[in-house]
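S.K.: How does the following fold in three dimensions:
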Amino acid sequence: MLKIDVHTHIIPRDMPRWTEKFGYGNFIHLEDSNREGFARMMQGNNFFREIASNCWDEEERISEYNNSGVDVQVVCTIPVMFSYDAKPNDALELGRFLNDHMADLVYRFPKKYVGLCTVPLQDVDLAIMELERAKSIGLVGVQIGTNVNGLNLNEPQFFPFFEACSRLGMAVFIHPWDIMGKEEMEKYWLPWLVGMPAETSRAICSMIFGGVFERLPNLRVAFAHGGGSFPATAGRIQQGYDARPDLCAVDNQVDPQKYLGKFWVDSLVHDADALDFLIKKIGADKIALGTDYPFPLGELKPGNLIESMDYNNEQKDKLLFQNALDWLGLPDNHFS
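M.R.: Prediction:
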């Protein structure tokens with residue numbers, strides 16, 4: 001049985017020191033660690049975190065996935081690399097570096113990796129230009145953040161980008177980042193535990209209420225972490241729409257509930273009851289295996305939750321690979 005993980009992150013081991021190159025900012029680069037098999041992720045001159053070699057070593061990643069029985073990784077950059085706050089042309093240069101690395105990886109391992117690009121969304125014209133180039137070098141989609149410098153994804157300046165994604169047939173993966181309220185809840189890892197799910201719901205609601213899904217019915221969008229807090233609060237969101245259309249229905253007069261099943265989410269919910277609920281709320285056709293590999297908040301044994309569930313083979317096939325192929329726009333025999 002084919003298994004595809006739609007949510008994994010990768011970073012090149014060797015990158016320019018962007019902060020020195022551009023002369024400002026706190027861009028990410030990697031430095032040697034005192035521990036073998038690790039590297040220090042630096043933001044400018046400041047230590048950010050330590051990461052293991054499976055963040056960049058493509059052979060090691062394949063080996064680890066073979067051990068878990070997963071065949072294909074959909075790879076995208078680590079969100080801290082988005083660089084939406086950089087000067088647009090600098091973010092474009094950085095993004096092209098990452099996208100070229102991704103395209104080379106896919107070219108060398110076409111049966112093991114599928115690539116999503118990154119683009120400088122602070123300048124939509126540049127973002128569309130890089131999106132088009134990414135498609136031409138073999139990438140099949142794009143990863144973007146849940147907001148762009150505090151602007152929600154329904155803002156009019158972003159609509160041409162989503163139009164381009166739909167026109168080009170590029171899948172869109174939306175990942176939380178730049179978490180709202182982070183400074184007020186830094187203790188207990190709350191930005192990751194509470195803020196990220198809220199950020200994802202923020203993005204979904206923005207695209208629903210802003211009419212993005214309504215205006216672009218062929219746009220293929222997937223959200224990380226099981227759609228964050230959105231599925232569990234979908235009833236509250238609908239009630240808000242019904243009770244205060246003067247606030248919620250100002251740009252789109254279609255019930256929010258009608259968009260359930262119109263977008264994809266990954267399966268990263270860490271809980272059997274939550275996965276059952278997600279299937280009931282979003283639909284078995286719109287959930288794809290996703291693990292956030294290789295990070296500790298991910299599913300440490302890829303596919304284990306789905307495999308452990310008492311679902312029939314047809315439903316497991318959907319969750320483990322078919323829904324991923326549908327979202328990516330790839331034929332069933334692509335990895336044959």
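
S.K.: mind checking the longest helix of the protein?
M.R.: Longest helix in the chain by number of residues (criterion: DSSP state H): helix 88-108.

S.K.: neighbouring contacts of the helix or strand following that one?
M.R.: Once helix 88-108 ends, the next helix or strand along the chain (criterion: DSSP states H and E) is strand 113-117. Applying CB atoms under 8 Å, 6 or more residues apart in numbering, the external contacts of strand 113-117 come out as 4, 58, 72-76, 95, 98-99, 102-103, 105-106, 130-131, 134, 138-143, 171, 173, 328, 330. C-beta coordinates here come from the backbone N, C-alpha and C atoms, glycine included.

S.K.: Out of those residues, which sit inside helices?
M.R.: Counting by DSSP H, the contacts of strand 113-117 place Glu58, Gly95, Leu98, Asn99, Met102, Ala103, Leu105, Val106, Glu130, Leu131, Ala134, Leu328 in helices.

S.K.: surely Arg13 meets Asn54?
M.R.: No: in this structure, Arg13 is not within contact of Asn54 by CB atoms under 8 Å, at 11.3 Å.

S.K.: Which of those two has more residues huddled nearby?
M.R.: A count of neighbours by other CB atoms under 10 Å puts Asn54 above the other of Arg13 and Asn54, at 19 against 12.

S.K.: Who are the contact partners of that one?
M.R.: Glu60, Arg61, Glu64, Tyr293, Pro294.

S.K.: need the residues you listed in a markdown table with secondary structure, distance to Tyr311 and neighbour count, can you?
M.R.: Putting the contacts of Asn54 into a markdown table (DSSP: H, G, I helix; E, B strand; the rest coil; distance: CB to CB, whole Å; neighbours: other CB atoms under 10 Å) gives the following:
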| residue | secondary structure | distance to Tyr311 | neighbour count |
| --- | --- | --- | --- |
| Glu60 | helix | 31 | 15 |
| Arg61 | helix | 27 | 23 |
| Glu64 | helix | 25 | 16 |
| Tyr293 | strand | 22 | 24 |
| Pro294 | coil | 26 | 22 |
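
S.K.: List the buried residues in the strand or helix carrying Asp246.
M.R.: For Asp246, the host element (DSSP H and E) is helix 245-248. When neighbours are counted by 16 or more other CB atoms under 10 Å, the buried residues of helix 245-248 are found to be Cys248.

S.K.: ok, residues contacting it?
M.R.: Phe209, Gly240, Tyr241, Gln253.

S.K.: three-state assignment of the nearest residue to Lys3 once chain neighbours are set aside?
M.R.: Of all residues not flanking Lys3 in the chain, Val70 sits nearest, at 4.4 Å (CB to CB, 6 or more residues apart in numbering). Val70 carries the three-state label coil when classified by DSSP: H, G, I helix; E, B strand; the rest coil.

S.K.: Any idea how many residues pack against Asp271?
M.R.: Neighbourhood size, Asp271 [other CB under 10 Å]: 11.

S.K.: Next: the one 5 residues further on.
M.R.: Here the count is done by other CB under 10 Å, and Asp276 has 14 residues near it.
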